[in-house]
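Q: Kindly generate the corresponding structure for this input.
(2 chains)
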Amino acid sequence: MLELNNLHAHVVPEDGPSREILKGLSLAVPAGEVHAIMGPNGSGKSTLSYVLTGKHGYDVTGGSATFDGTDLLSLEPEVRAAKGLFLSFQYPLEIAGVPVMTFVRAAMNAQRKARGEPEVSAPEFLKLSKLAATKLRIDSDMLKRPLNVGFSGGEKKRLEIYQMLMLQPRFMILDETDSGLDIDALKVVAEGVNALRGAGRGMLVITHYQRLLDYIKPDRVHILSAGRIVKSGGPDLALELEKSGYDQFLKVD
Amino acid sequence: MSDGRDLVKDSIDRGTVDAARELESDKYVEGFVTDIEMELAPRGLSEETVRYISAKKEEPEWMLQWRLEAFQRWKEMIEPTWAMVHYPKIDYQDAHYYAEPKGGAKYKSIADVPQEILDTYTKLGIPLKEQEVLLGVEGAMETAAAARETPRVAVDAVFDSVSVATTFRAELMKAGVIFMSISEAVREYPDLIKQYLGSVVPVTDNFFATLNSAVFSDGTFVYVPKGVRCPMELSTYFRMNAKGTGQFERTLIIVDEGGYVSYLEGCTAPMRDENQLHAAVVELVALADAEIKYSTVQNWWPGDSAGKGGVYNFVTKRGDCRGARSRISWTQVETGSAITWKYPSCILRGDDSQGEFYSIAVTNGHQQADTGTKMIHLGKNTKSRIISKGISAGKSNNTYRGLVSIHGKAAKARNFTQCDSLLIGQNCGAHTIPYVENRRGDAQLEHEATTTKLSDDQLFYARQRGIGEEEAVALLVNGFVRDVLQKLPMEFAVEAQKLLEVSLEGSVG
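A: Purely as a prediction, here's the structure:
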């Protein structure tokens, strides 16, 4: 489903020289599987999520990334989204004056239009929204407020998952979705994520900690260090990391 | 989203998004020229010009004298330079001060209105129902409107210096509401004109207002009698068409005790590489318990991408809350003009009167806007509210300039001011210049101001969700101006939103 082959990418800051962050990253996530990416700060986890979703300021200098065989890297971010790629942001953005539901409906219809599907009707949208909100224990009043404005860290993360449930993506990248969540919120969020498992969907769960993986059980775990996957294994690898830390896996350049 | 209000809001948002999608180019769609034979005043400005205009309008002697006095004063006045706008010196002798389509100032019936002018209004997309009215088949129109159960809008169409058609006059008259061009009102209601014209904006008020007083061409006159709620929205569409002309609109709206009116003006002009002057004066008078809602959607030609051409919009708009508990609210969506110099104001004379100012000013390309309001609190318990949203893109500059003045007798006056600026891109500027004068210890004044930049991160966030770049900008801008758009009459909110999208198209990336 998602295949990365020897991917090299630079971050290009507005001021200052560009730096290579991804240094030959290879990874394959087949449909229906959940893969976790773990790694210390600065290993390239967030860069990976931005490169895959097409954010400005990152230059891919080598390698490839395909989604169901299509070259991802040449597509605009919104085209990738319409193909079913979804990023749950580590730091969700505040969108002043735009209520959550207005935003999500615009997104939903934009994606549907891009795929040549009819727009969602108001009653259908409301029904879907109610279902998603109930599952995530989100108060319906919150959905009428401007997106993320004045929301707590936990509420923002919950709303990322709400958007995910609404948009029903085919491949999800969860970038440190566990950060800022207390244990109860973590359970609720994980339930939401697990509801989307299977059915040919793929998932990349980026995290520092094993904790999230207790609730979202990965099929594979990869350790990212200095822009490369240095070790891959089953769910046990995460437990091993938790016990003995990253040091044993880190490569010295 | 369970209640109706939310659904309505949602539909506005959909409107914006759809409008943004439909856009194919960054062309100013109103920029066409109507090819019609015009009769122009000789180029230049002199006493003769003033006499020419007055004669054209078949004005009584007192009106001519009023104009001539204004002209004498104007000759001694100096053009103001305090606004944060820059433009080459205007040669006031190098323009025509009057332009009318050949064949007469006012058409008796629609059959007499030249086809070119009818086509112009069709092209401008003035809603079909209004065009039907312009087509003059009054009975048919009323039936059609009733059948659709849509709110009707009466229109005064001003083409260059003349009003070419005014709709629903007869029906409004049944309610006692006078709605006609000011030229006609001078002839038909001289007492009202003598009593009120210049009573809010004195002849000598400022350089541009004085110029207007001397050479004003056409505009709208509205009188709503005691206790009458005007049964429909009133509107005026100003169209500047002729080359080398200026437009000097003059509008006077009087609402007698306990009356109510909602009025909207729309403005467009062809794309020309010269600068055209639009120096308007609008006066509003609200007597006791009266309410006036005045909305503007201003889309004069802003000049091309290199900053060539465009309308200089130097406008004096002022409302006088003359009676107790009266209320005046200004709502403006300013997207056009090369330069905007405009401060719709309220004189809160009556005790317990209220003034409101809601503004969205968008500048892009090389546009400059210096706009805001003045709230002059004279009476007791007077209240004012200012919400200003400035959006700057391209190489433009957008200034909010406002005055809140609490006079000695304005016990317990209150003002709330909120000025928000949104910057799009790296080369534009936003400036906020609030003046406050307070002579009362018991006044309550609040001022909030924010400046934000539409960030690449926000855009990326929206795009990651599948929303294309233009649509994302539309959505974010829409969010920024939301609370002001909601103050516009519903029929025009969608229109205004569409205008915002057009104005900001191509401002990112």
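
Q: CA atoms for contacts and neighbours, from now on please.
A: OK.

Q: Whatever residue of the stretch 201-350 of chain B ends up closest to chain A: how many residues sit nearby?
A: Residue nearest to chain A within the stretch 201-350 of chain B: B:V333 (17.6 Å; C-alpha to the nearest C-alpha). Using other C-alpha atoms under 10 Å in any protein chain shown, B:V333 has 26 neighbouring residues.

Q: try the one 4 residues further on
A: A count of nearby residues for B:S337, using other C-alpha under 10 Å, gives 30.

Q: May I ask which helix or strand encompasses it?
A: Using DSSP states H and E, B:S337 sits in no helix or strand.

Q: list the contacts for it?
A: Counting by C-alpha atoms under 8 Å, 6 or more residues apart in numbering or on different chains, B:S337 makes contact with B:N299, B:W300, B:W301, B:P302, B:G303, B:G310, B:V311, B:Y312, B:N313, B:Q367.

Q: Please repeat the previous calculation with a cut-off of 7 Å.
A: Contacts for B:S337 were tallied using C-alpha atoms under 7 Å, 6 or more residues apart in numbering or on different chains; they are B:N299, B:W300, B:W301, B:P302, B:G310, B:V311, B:Y312, B:N313.

Q: just checking, the third one touches B:V311?
A: This means B:W301. Yes: with contacts counted by C-alpha atoms under 7 Å, B:W301 reaches B:V311, the gap being 5.8 Å.

Q: Go ahead and produce PDB holding the CA coordinates of whatever helix or strand B:T236 lives in.
A: Per DSSP H and E: B:T236 is located in strand B:233-239. Output of strand B:233-239 as PDB, limited to C-alpha atoms (Å, rounded to 0.1, in the frame of the first residue of the first chain):
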ATOM      1  CA  GLU B 233     -34.700  46.700   1.100                       C
ATOM      2  CA  LEU B 234     -33.600  49.700  -0.800                       C
ATOM      3  CA  SER B 235     -30.500  49.800  -2.900                       C
ATOM      4  CA  THR B 236     -28.600  51.900  -5.300                       C
ATOM      5  CA  TYR B 237     -26.200  50.600  -7.900                       C
ATOM      6  CA  PHE B 238     -23.600  53.100  -8.900                       C
ATOM      7  CA  ARG B 239     -21.800  52.500 -12.200                       C
END
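
Q: contacts for the helix or strand just after that strand?
A: Counting by DSSP H and E, the element after strand B:233-239 in chain order, helix or strand, is strand B:250-255. Residues outside strand B:250-255 that contact it (C-alpha under 7 Å, 6+ apart): B:182, B:216, B:218-225, B:280-287, B:290.

Q: Just those residues: which are in helices?
A: The helices in this structure, assigned by DSSP state H, contain B:I182 from the contacts of strand B:250-255.

Q: Following the chain past the helix or strand harbouring A:L131, name the next helix or strand.
A: Under the criterion of DSSP H and E, A:L131 resides in helix A:122-135. Next helix or strand after helix A:122-135 toward the C-terminus (DSSP H and E): helix A:153-167.

Q: same for that following helix, what does it pack against?
A: Applying 3 or more C-alpha pairs under 7 Å, 6 or more residues apart in numbering or on different chains; DSSP states H and E, we find helix A:153-167 packed against helix A:122-135, helix A:183-195.

Q: List, one by one, the residues from chain A near chain B.
A: For chain A, the residues in contact with chain B (C-alpha under 7 Å from any C-alpha of the partner chain) are A:53, A:55, A:77-79, A:81-82, A:93, A:95-98, A:102, A:107, A:110-111, A:144.

Q: Now list the buried members of these.
A: Burial by neighbour count, judged by 16 or more other C-alpha atoms under 10 Å in any protein chain shown, picks out A:53, A:55, A:77-79, A:81-82, A:93, A:95-98, A:102, A:107, A:110-111 from the residues of chain A next to chain B.

Q: Tell me the strands beside the helix or strand hosting the residue of the stretch 201-350 of chain B closest to chain A, with direction?
A: Take DSSP H and E as the rule and B:V333 turns out to sit in strand B:327-334. Using DSSP bridges, the strands paired with strand B:327-334 are strand B:291-299 (parallel), strand B:354-363 (parallel).

Q: would you list every one of the helices in chain A?
A: Ranges of helices in chain A, per DSSP H, are A:45-53, A:77-82, A:100-114, A:122-135, A:153-167, A:183-195, A:211-215, A:236-244.

Q: Pull the residues that contact the second one.
A: Yep, that's helix A:77-82 we're talking about. Helix A:77-82 is touched from outside by A:T53, A:G54, A:L72, A:Q111, A:A114, A:R115, B:R463, B:Q464, B:R465, B:G466, B:I467, B:G468, with contacts defined as C-alpha under 7 Å, 6+ apart.

Q: A:S179: how many residues sit nearby?
A: 17.

Q: now B:Q93
A: 11.

Q: right, and it touches B:P42 too?
A: No: using C-alpha under 7 Å, B:Q93 makes no contact with B:P42, being 10.1 Å away.

Q: Could I get the average pLDDT for stretch B:36-56?
A: Here stretch B:36-56 scores 86 as its mean pLDDT.

Q: Identify each buried residue in that stretch, please.
A: Residues of stretch B:36-56 classed as buried: B:38, B:40-41, B:43, B:45-46, B:49-54, B:56 (neighbour count, 16+ other C-alpha under 10 Å).

Q: got it, and stretch A:236-253?
A: Using 16+ other C-alpha under 10 Å as the test for burial, stretch A:236-253 gives A:L237, A:A238, A:L239, A:L241, A:Y246, A:L250.

Q: Reformat those residues as TSV; add pLDDT.
A: TSV is the format used below for the buried residues of stretch A:236-253 (pLDDT from 0 to 100):
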residue	pLDDT
A:L237	90
A:A238	88
A:L239	87
A:L241	84
A:Y246	79
A:L250	68
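
Q: Quick check: B:D420 touching B:K453?
A: No: using C-alpha under 7 Å, B:D420 makes no contact with B:K453, being 10.8 Å away.

Q: and the two? which has more neighbours close in?
A: Taking neighbours as other C-alpha under 10 Å, B:D420 and B:K453 compare with B:D420 leading, 21 against 14.

Q: Doesn't that one lie inside a strand?
A: Yes: the assignment for B:D420 (DSSP: H, G, I helix; E, B strand; the rest coil) places it in a strand.

Q: how about it, what does it touch?
A: Residues near B:D420 by C-alpha under 7 Å, 6+ apart: B:S388, B:K389, B:G390, B:A449, B:T450, B:T451.

Q: what does B:V158 give?
A: Contacts of B:V158 by C-alpha under 7 Å, 6+ apart are B:V164, B:D218, B:G219, B:Y237, B:F238, B:R239.

Q: hey, what's the fourth one bridged with?
A: Just to be clear, that refers to B:Y237. Listed beta-bridge partners, B:Y237: B:A157, B:G266 (assigned using DSSP bridges).

Q: which residues touch it?
A: Taking C-alpha under 7 Å, 6+ apart, we find B:Y237 in contact with B:D156, B:A157, B:V158, B:E265, B:G266, B:C267.

Q: And the fifth one, how close does it get to B:Q115?
A: Which is B:G266. Distance from B:G266 to B:Q115, counting by C-alpha to C-alpha, to the nearest Å: 21 Å.
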